[in-house]
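Undergrad: need coordinates for the following:
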Amino acid sequence: MELKVDRLEYELADISGSRFQKVKAEELSFDNVNLTKTHINNANMKGMALNDVNMSNIRIENANLTGIEIKNANFSYAVLENVHLIGTEFRNVVLPMEGDGNYNPNGYKPTSFVNCNLSNGQLTNCNLTNLDIRDCDISGLKINGVLVEELIKNK
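TA: The predicted structure is shown next:
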């Protein structure tokens with residue numbers, strides 16, 4: 001298939017409702033845009049950079065997130081389904097604090113990991129207050145170098 005090559009520049013334009021199919025769109029630059037309710041299916045987004053974005057109510061399904069870095073993120077109400085998180089790093093992931101735009105004084109739905117393989121993972125300097133671990137394989141699980149299995153066995 002031979003592709004038609006066009007370099008497009010839009011400023012102060014409304015392209016809402018546009019459709020792109022079987023399009024090569026590498027090295028695009030979006031600055032100060034509204035992509036609300038945009039759907040992206042079967043896309044190669046390797047090496048994509050997102051900065052200062054509102055991704056509230058976003059859904060990520062059937063995704064390969066190998067090696068991604070998520071920094072300074074608010075994960076309240078996030079849902080990730082059927083994703084591969086090999087080598088993924090989450091840093092400074094917090095609940096909103098008073099004064100933040102999406103702060104909720106009534107609290108937040110608990111963060112949950114269901115049917116996840118976190119083997120050989122690491123949690124460092126995390127707030128695990130009231131964490132509830134249920135029906136999990138804890139073989140080899142250590143907290144500050146102490147095997148949890150041994151603590152339970154010696155209880």
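
Undergrad: for the rest of this, base every contact and every neighbour count on C-alpha atoms.
TA: Fine.

Undergrad: name the element residue 55 belongs to?
TA: For residue 55, there is no helix or strand it lies in under DSSP states H and E.

Undergrad: helices along the protein, start to end?
TA: Ranges of helices within the chain are 148-153, based on DSSP state H.

Undergrad: buried set for the lowest-mean-pLDDT helix or strand in it?
TA: The weakest-scoring helix or strand in the chain, judged by mean pLDDT, DSSP states H and E, is strand 80-84 (a mean of 74). Neighbour-count burial for strand 80-84, counted by 16 or more other CA atoms under 10 Å, picks out residue 84.

Undergrad: may I have it exported as PDB, CA atoms only?
TA: The C-alpha trace of strand 80-84 is given here as PDB (Å, rounded to 0.1, in the frame of the first residue of the first chain):
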ATOM      1  CA  LEU A  80      -6.000  -1.200  34.300                       C
ATOM      2  CA  GLU A  81      -7.200  -4.500  32.800                       C
ATOM      3  CA  ASN A  82      -5.300  -7.200  31.100                       C
ATOM      4  CA  VAL A  83      -2.000  -5.300  31.000                       C
ATOM      5  CA  HIS A  84       1.600  -6.400  31.000                       C
END
